[in-house]
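Chemist: Provide a 3D model corresponding to the input given below.
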Amino acid sequence: MHWFFGVAWNVLALAAVACLLVAGVWRTFRPGHRERLRRRGPTTRQAIPVCTVAVLILLVLAVCGSGVSAAILQPSLAQVDSANKRIQADLSTISNRVDSLKEARVQQLIQHSASLITVADTVIYWSSTLFALVAFAGAVFGFVGFREYRAIRRAHHEAAQLRLAYDALVARIKTMQDSTETTLRELASTFERESRTFMEAAYNFGLATEAYNKSDFKTAIRFFAVALSLQPSNVRILCRLGRSFTNVGDTDSAITHFTRALAIDGTNPIALRGLSGCYRYTDQAKAIEYAVAATKAELRDYEAFNYLGLLYRDAGQLTLAVAAHRDALSIRVAPETYFFLGLLSANSGEHVRAKRELELARLNLDEAAPDLALRHVWRSLIRWSSLLLSGAPEDARRAAANLLPFLTTQRTSDAVWSHVSFLLQAVQPGELDAYRAILTPQKASPPC
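Modeler: Got it, this is the predicted structure:
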């Protein structure tokens with residue numbers, strides 16, 4: 001508290017001195033001051049030094065007070081300075097401690113923040129990765145799902161259409177079932193009726209074929225006619241009947257039946273070949289035309305090519321005849337094909353080749369398959385030709401005599417003699433008359 005009073009004293013003293021100085025100066029230097037002093041006289045002028053002395057005394061007192069105050073305040077100021085230094089030291093210590101704590105706290109916060117940032121970065125990375133994967137998977141599954149959805153809708157639509165088609169098909173099948181049952185009943189009745197007809201037709205056809213192979217053409221015609229009456233649209237029966245009529249020389253009836261067969265089957269090769277045979281001795285060009293049509297109608301019909309070669313031989317076109325028989329041989333190895341080729345080879349002077357081909361005809365005749373239904377007359381003719389070129393004239397004459405029972409019609413006799421004379425003119429022309437006599441049927445003597 002001493003320093004407070006000292007300071008207060010000094011302040012008051014200085015304030016008083018300052019006030020006196022200001023008042024003195026103001027009274028001294030104000031306008032008209034000297035005139036007033038002159039008018040007042042000496043008493044007033046003597047008062048001025050007194051004021052001055054009073055000011056000086058106050059000034060001295062102020063100085064003394066200041067000294068006293070300084071003496072009084074010195075210890076207090078020292079204490080204050082010491083306290084201030086301690087406070088400064090404490091403040092410095094506290095500041096350093098606060099800075100160290102702050103630094104440590106900041107480091108802790110930085111480390112904690114770094115760990116948090118690392119964790120947050122990890123979380124953000126993996127969460128973003130997971131989100132990206134989920135988004136990608138969602139996009140893929142969404143795309144696949146959309147496609148599947150479209151496929152399901154399309155399948156549903158197709159299933160609906162199939163259902164409608166199925167229902168329509170079921171209704172159609174039911175209708176067809178009813179119709180089929182009706183048809184089956186009708187067919188059963190028809191089959192029972194037709195089976196009897198077929199069996200009768202087959203029986204007569206078999207008898208007719210057996211007679212045909214024996215050259216008994218009149219009997220064959222009778223049985224073929226019965227079979228045809230049972231099956232009027234049977235092309236095979238029509239053709240066999242036409243061939244039978246051809247062999248007995250009834251060309252008009254043969255043409256009629258072959259034409260009926262072509263009306264049913266316009267490209268039937270047997271019917272075309274039959275018509276060719278009808279015109280063989282009357283119109284060679286027309287006969288060749290029908291034979292060519294038969295080969296085009298059925299490219300695998302070796303008999304059509306053989307008959308075409310026979311017609312070319314009759315017309316003197318031997319090269320074309322050989323080519324036609326070669327085509328027939330490429331389709332099927334048949335004894336009659338080798339027979340025709342052997343006759344042509346003998347005619348061209350190739351006797352060795354002709355002998356080999358006729359021998360092959362005989363061997364194939366012995367090994368012929370059952371379906372090669374050659375008539376007996378042609379079997380005997382092939383054996384005769386092979387014996388003739390083998391150098392066995394007596395055996396050949398006996399084989400020729402075996403042909404005689406099969407020459408039941410003029411047509412068959414002319415066909416056989418055409419082959420016999422063609423071969424004899426090539427190898428033994430001097431035997432023509434002898435064989436003509438052998439192959440001429442003898443008329444029976446009248447009864448006595």
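
Chemist: helix or strand with the lowest mean pLDDT in the protein?
Modeler: helix 33-40 (a mean of 62; mean pLDDT, DSSP states H and E).

Chemist: tell me the domain ranges of the protein?
Modeler: Domain ranges of the chain: 2-82, 238-438, per automatic domain parsing.

Chemist: what is the subsequent helix or strand relative to the least confident helix or strand of the chain?
Modeler: Next helix or strand after helix 33-40 toward the C-terminus (DSSP states H and E): helix 42-213.

Chemist: now do that following helix: distance to the chain's middle.
Modeler: Put simply, helix 42-213 sits 46 Å off its chain's centre (C-alpha atoms, centre = their mean, to the nearest Å).

Chemist: averaged pLDDT, it. What do you get?
Modeler: If you average the pLDDT over helix 42-213, you get 75.

Chemist: what packs against that helix?
Modeler: With contacts defined as 3 or more C-beta pairs under 8 Å, 6 or more residues apart in numbering; DSSP states H and E, helix 42-213 has these neighbours: helix 2-29, helix 33-40, helix 217-230, helix 235-247. In this view, the C-beta of every residue, glycine as well, is placed from N, C-alpha and C.

Chemist: what residues are up against residue 214?
Modeler: 375, 376, 406 (C-beta atoms under 8 Å, 6 or more residues apart in numbering).

Chemist: now these in JSON lines, with pLDDT and secondary structure?
Modeler: Shown next, in JSON lines, are the contacts of residue 214 (pLDDT from 0 to 100; DSSP: H, G, I helix; E, B strand; the rest coil):
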{"residue": "375", "pLDDT": "70", "secondary structure": "coil"}
{"residue": "376", "pLDDT": "79", "secondary structure": "helix"}
{"residue": "406", "pLDDT": "83", "secondary structure": "helix"}
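
Chemist: list only those of those residues flagged as buried.
Modeler: Neighbour counting with 16 or more other C-beta atoms under 10 Å marks residue 406 as buried within the contacts of residue 214.

Chemist: and which of the contacts of residue 214 is nearest residue 160?
Modeler: Nearest to residue 160, judged by C-beta to C-beta, of these is residue 375 at 69.1 Å.

Chemist: any idea how far that closest one lies from residue 397?
Modeler: Computed with C-beta to C-beta, to the nearest Å, the distance linking residue 375 and residue 397 is 22 Å.

Chemist: ditto for residue 275
Modeler: Using C-beta to C-beta, we find residue 275 at a distance of 37 Å from residue 397.

Chemist: and the two? Which one has more around it.
Modeler: Taking other C-beta atoms under 10 Å, residue 275 and residue 397 do not tie; residue 275 has more neighbours (24 against 17).

Chemist: please name the residues that touch that one.
Modeler: For residue 275, the contact set (C-beta under 8 Å, 6+ apart) comprises 255, 258, 259, 262, 290.

Chemist: picking up where we left off before, could you tell me the least trusted of the helices and strands packed on helix 42-213?
Modeler: Lowest mean pLDDT within these: helix 33-40, at a mean of 62.

Chemist: pull the contacting residues for residue 204.
Modeler: Applying C-beta under 8 Å, 6+ apart, we find residue 204 in contact with 223, 224, 226, 227, 230.

Chemist: dump those to a markdown table, plus distance to residue 135.
Modeler: Shown next, in a markdown table, are the contacts of residue 204 (distance: C-beta to C-beta, whole Å):
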| residue | distance to residue 135 |
| --- | --- |
| 223 | 94 |
| 224 | 92 |
| 226 | 93 |
| 227 | 88 |
| 230 | 87 |
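
Chemist: nearest to residue 131, of those residues?
Modeler: Nearest to residue 131 among these, with distances taken as C-beta to C-beta, is residue 230, at 92.4 Å.

Chemist: any idea how far residue 318 is from that closest one?
Modeler: With C-beta to C-beta as the criterion, residue 230 and residue 318 are 45 Å apart.

Chemist: who's more crowded, these two?
Modeler: Neighbours of residue 230 and residue 318, each counted by other C-beta under 10 Å, are more numerous for residue 230; the result is 19 against 14.

Chemist: let me have the contacts of residue 275 in JSON lines, adding neighbour count as columns.
Modeler: Output for the contacts of residue 275, formatted as JSON lines (neighbours: other C-beta atoms under 10 Å):
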{"residue": "255", "neighbour count": "17"}
{"residue": "258", "neighbour count": "29"}
{"residue": "259", "neighbour count": "14"}
{"residue": "262", "neighbour count": "17"}
{"residue": "290", "neighbour count": "24"}
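
Chemist: what residues are up against the closest residue to residue 300 other than its chain neighbours?
Modeler: Spatial nearest neighbour of residue 300, chain neighbours left out: residue 331 (5.6 Å); criterion: C-beta to C-beta, 6 or more residues apart in numbering. Contacts for residue 331 (C-beta under 8 Å, 6+ apart) come out as 300, 301, 302, 305.

Chemist: compare those and tell me which is most surrounded.
Modeler: residue 305 (26 neighbours).

Chemist: quick one: which of the contacts of residue 331 is nearest residue 281?
Modeler: Set against residue 281, the nearest of those by C-beta to C-beta is residue 305 (20.5 Å).

Chemist: could you report the distance from that closest one to residue 339?
Modeler: Taking C-beta to C-beta, one finds residue 305 at 14 Å from residue 339.

Chemist: next: residue 243.
Modeler: In terms of C-beta to C-beta, residue 243 sits 19 Å off from residue 339.

Chemist: of the two, who's got more company?
Modeler: Using other C-beta under 10 Å as the criterion, residue 243 and residue 339 rank with residue 339 on top: 26 against 21.

Chemist: surely the more buried one touches residue 385?
Modeler: Yes - between residue 339 and residue 385 a contact is recorded at 6.4 Å, counting by C-beta atoms under 8 Å.

Chemist: hey, what's in contact with both of those two?
Modeler: Common neighbours of residue 339 and residue 385 (C-beta under 8 Å, 6+ apart) are 358, 361, 419.

Chemist: contacts for the strand or helix carrying the second one, please.
Modeler: Element membership for residue 361 (DSSP H and E) is helix 351-366. With C-beta under 8 Å, 6+ apart as the contact definition, helix 351-366 has outside contacts at 333-339, 341-343, 345-346, 374, 379, 382-383, 385-386, 389-390, 426-427.
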